[in-house]
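Predicted model and sequence below, questions to follow.
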Amino acid sequence: MRMQAERTMLAKKQESELQSQRVVEKLEVEKGEVGKNDEEQQKKIKELQEELASIQEDLELQNGMVNVLNSKHMTTNDELQDAKKEAVVVR
């Protein structure tokens, strides 16, 4: 169950990273075209910057969740190893 949750979180994180990269590329294109219709161009740039900020905020949250899942996974593995050692000693 945890492995599935980890995979899901990692997939979401990768998707957000790709979205972020696409928005950054769009921003670069828009900034390179400044001068055509400044008002409209500035509006597009501002929208893209807001979208990028939102995606980056989501990425930070996802990173935190992935870290929590990794920590829980490591703790569970440690507990499992301890239980295996105790089972061997009892035999």
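Ah, there it is. Numbering: from 1, shown residues only.

what about Asn63, helix or strand, and which?
Element membership for Asn63 (DSSP states H and E) is helix 38-90.

What is that helix packed up against?
Secondary-structure packing of helix 38-90 (3 or more CB pairs under 8 Å, 6 or more residues apart in numbering; DSSP states H and E): helix 2-32. Yep, even glycine has a C-beta here, placed from its N, CA and C like the rest.

Helix 38-90 and the helix it packs on, what's the angle between them?
Per axes from the mean of the first three to the mean of the last three CA atoms, to 10 degrees, the angle that helix 2-32 makes with helix 38-90 is 160 degrees.

so for helix 2-32, what's the average pLDDT?
Average pLDDT, helix 2-32: 84.

could you say what helices and strands that helix packs with?
helix 38-90.

Return the distance of the helix it packs on from the chain's centre.
6 Å (CA atoms, centre = their mean, to the nearest Å).

Met9 - nearest residue in space that isn't next to it in sequence?
Excluding the flanking residues, the one nearest Met9 by CB to CB, 6 or more residues apart in numbering is Val66, at 5.1 Å.

before we move on, what about Lys12?
The shortest distance from Lys12 to any non-neighbouring residue, by CB to CB, 6+ apart, is to Gln62 (5.8 Å).

show me what contacts the one you found?
Met9, Lys12, Lys13, Ser16 (CB atoms under 8 Å, 6 or more residues apart in numbering).

Met9 reaches Asn70, doesn't it?
No. Counting by CB atoms under 8 Å, Met9 sits too far from Asn70 to count as a contact (9.6 Å).

Would you mind measuring from the residue nearest to Lys12 to Glu39?
Distance, Gln62 to Glu39, using CB to CB, to the nearest Å: 35 Å.
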